[in-house]
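Asker: My questions concern the predicted model and sequence given below.
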Amino acid sequence: MSLSEHLSESKKREEVIDDCVALVDREVQGKSGLGGIVIKTGYKAVKGIRPGFIRSVVNSLFDDWVRELDPIWKEARDEGKKPHDHFDSERSRVADALLSVTDGKADSAKSALVKSTYKKLRPTAKKHVEDAVPGLASVLERHVTA
């Protein structure tokens with residue numbers, strides 16, 4: 001069964017989205033140094049657009065992200081690996097898959113604030129997304145095996 005099929009049930013999908021929003025919040029809060037200040041400031045500005053904005057963004061990107069992750073998930077299953085371990089060893093590919101979706105969405109965003117914030121943060125985004133891959137893999141595994 002594909003990742004998309006596992007997460008297609010609406011209740012499970014909503015739970016995964018909630019966990020992904022919490023993961024993003026934790027990842028942002030865990031950033032330090034000058035780069036961390038920039039990320040936290042940008043994130044705070046984007047969150048301030050409207051209540052629930054981050055969740056609505058994750059919700060709108062979720063299906064595309066899952067479709068992009070499906071082949072990597074399938075590889076893990078086909079090779080008899082735990083998806084968490086496979087995602088960890090393929091952090092770069094996972095990050096590229098996720099960012100391919102966000103790049104497209106950011107280009108077509110209506111909000112100038114979202115576009116400008118994304119453009120400022122994008123050069124360092126891959127490293128930050130790679131850092132979050134183990135947490136994402138844990139979220140997905142927990143919900144797929146539940």
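Answerer: The structure has been received and is ready for your questions.
Asker: what's the closest non-adjacent residue to V21?
Answerer: Distances taken as Cβ to Cβ, 6 or more residues apart in numbering place R55 nearest to V21, at 5.0 Å, with adjacent residues excluded. Yep, even glycine has a C-beta here, placed from its N, CA and C like the rest.
Asker: Show the contacting residues for the one you found.
Answerer: Listed by Cβ atoms under 8 Å, 6 or more residues apart in numbering, the contact partners of R55 are 17-18, 21.
Asker: I'd like those residues laid out as TSV, including pLDDT, neighbour count and secondary structure.
Answerer: Output for these, formatted as TSV (pLDDT from 0 to 100; neighbours: other Cβ atoms under 10 Å; DSSP: H, G, I helix; E, B strand; the rest coil):
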residue	pLDDT	neighbour count	secondary structure
I17	97	18	helix
D18	97	14	helix
V21	97	17	helix
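Asker: follow-up on the earlier one: can you point out the buried residues in the host helix or strand of the residue nearest to V21?
Answerer: Using DSSP states H and E, R55 sits within helix 53-78. Buried residues in helix 53-78, counted by 16 or more other Cβ atoms under 10 Å: 54-55, 57-59, 61-62, 64-66, 68-70, 72-73, 76.
Asker: cool, and stretch 102-110?
Answerer: Neighbour-count burial for stretch 102-110, counted by 16+ other Cβ under 10 Å, picks out 102, 106.
Asker: got a list of contacts for it?
Answerer: Here stretch 102-110 makes contact (Cβ under 8 Å, 6+ apart) with 60-61, 64, 114-115, 118-119, 122, 125.
Asker: now swap in stretch 116-135 and tell me
Answerer: 23-24, 26-27, 31, 35, 38-39, 42, 45-46, 84, 87-88, 91-92, 94-96, 98-99, 102-103, 106, 109.
Asker: of those, buried ones?
Answerer: The buried subset of these - by 16+ other Cβ under 10 Å - is 23-24, 27, 39, 42, 46, 84, 87, 91, 94-95, 98-99, 102, 106.
Asker: shaky segments in this protein?
Answerer: Within the chain, the stretches with pLDDT under 70 are 146.
Asker: Okay, helices next: where are they in it?
Answerer: For the chain, the helices defined by DSSP state H occupy 3-6, 10-29, 33-47, 53-78, 83-89, 91-107, 112-145.
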